[in-house]
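Participant: Test case, fold it:
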Amino acid sequence: MSWERFLIWRSKIFVIMLITLLFLIVATIFFRLPYMSYTGDKISFTPLEIDMNNLDFAGERLPIDPLVNPRGYEKLEQELLVTHFTLYQFLLYHRYSHLYFPYIDSYFHEVDIPDDFKYLAVAESSLQNDVVSHAGAAGIWQLMPDTARRYGLRVDAEIDERLNFERATRAAGAYILHLHDIFNNWTLAAAAYNRGESGLQRDQAAQPAAKTYYNLVLNNETGNYLYRIIAIKYLMQNRWKLFSPEMLGTIFEQPSLKKMTIEGPIIDLRVWCLDHDVDYQELRELNPWILWYTLPGGAWDVNLFVR
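Facilitator: Below is the predicted model:
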């Protein structure tokens, strides 16, 4: 066999081995994922069965009667499949939840918002605090600029408090309570968070016979919105039964933080950090709501690591 033919043969063997290895990896991952099937009034995730009679959002049951909710099964199954089999994304939900859920739970309990609304944040932003949508919504709660300003957040070229997780959570909470005051129903309040209060009111006015979210004909995004939240809630609450500890891996744990008050205006935070023995990169990364290297006038509470 000539040297050239030997090299070609060796290359082919290498490619075959590589393809075989990739196939084995994919097959291993796939067959370790829980299998989902649908029969009657139950959706089965091996080793769990979801009893559709026990699914709810904020205490309102998901209706399963096809005469009341014709596409309910289909929509829920779709959202369960999309959320569950987008494994890398679900793992991020799991790992980020430890950073954000404790504060959300505590504050929502304080203001009497059902804790199911924390899953709304997952649906909105995948728990990414620095995400900005094409429409201009930002932060973990995906607040639009006008809505954020209405609830006391500063949004301008220097400061965007939608990226301040704690203040944005309080603003989102105030908005959710306002929506509940309008619609007198937590499920409709969640739908209005996505659709906009005026948009949902127009939908209701055009469909006076529809008494609940599940009876309304809505745009695709809002029409699937609560199903997505309910799917996320179910998968998050049952993740230790559906996935192995090895698949879930470790959660993100942030070192302890402390608050420091900075008095503005500050023309150049880089110089200020040098003068006050503060790490500039740490200041900016722990406080993404500071958009530039300046701070306007006023007292600003910033997060820093405890050292």
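
Participant: going forward, measure contacts and count neighbours with C-alpha atoms only.
Facilitator: Noted.

Participant: show me where this protein has helices.
Facilitator: Taking DSSP state H, the helices of the chain run over residues 3-32, 72-85, 87-110, 118-125, 145-150, 165-183, 186-195, 197-206, 220-237, 239-242, 245-248, 269-275, 280-286.

Participant: Now these in a markdown table, please, with extra columns for mean pLDDT.
Facilitator: Below are the helices of the chain laid out as a markdown table (pLDDT from 0 to 100):
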| stretch | mean pLDDT |
| --- | --- |
| helix 3-32 | 57 |
| helix 72-85 | 78 |
| helix 87-110 | 91 |
| helix 118-125 | 97 |
| helix 145-150 | 98 |
| helix 165-183 | 98 |
| helix 186-195 | 98 |
| helix 197-206 | 97 |
| helix 220-237 | 94 |
| helix 239-242 | 86 |
| helix 245-248 | 83 |
| helix 269-275 | 98 |
| helix 280-286 | 97 |
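
Participant: JSON lines for the ones you listed, including distance to Leu257 and mean neighbour count?
Facilitator: Converted to JSON lines, those look like this (distance: least, CA to CA, whole Å; neighbours: other CA atoms under 10 Å):
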{"stretch": "helix 3-32", "distance to Leu257": "37", "mean neighbour count": "11"}
{"stretch": "helix 72-85", "distance to Leu257": "32", "mean neighbour count": "18"}
{"stretch": "helix 87-110", "distance to Leu257": "12", "mean neighbour count": "16"}
{"stretch": "helix 118-125", "distance to Leu257": "22", "mean neighbour count": "23"}
{"stretch": "helix 145-150", "distance to Leu257": "25", "mean neighbour count": "16"}
{"stretch": "helix 165-183", "distance to Leu257": "13", "mean neighbour count": "19"}
{"stretch": "helix 186-195", "distance to Leu257": "31", "mean neighbour count": "22"}
{"stretch": "helix 197-206", "distance to Leu257": "37", "mean neighbour count": "15"}
{"stretch": "helix 220-237", "distance to Leu257": "26", "mean neighbour count": "20"}
{"stretch": "helix 239-242", "distance to Leu257": "28", "mean neighbour count": "16"}
{"stretch": "helix 245-248", "distance to Leu257": "26", "mean neighbour count": "13"}
{"stretch": "helix 269-275", "distance to Leu257": "17", "mean neighbour count": "14"}
{"stretch": "helix 280-286", "distance to Leu257": "9", "mean neighbour count": "14"}
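
Participant: Between those, which one is closest to Glu263.
Facilitator: Within these, the stretch nearest Glu263 is helix 269-275; the backing value is 10.9 Å (CA to CA).
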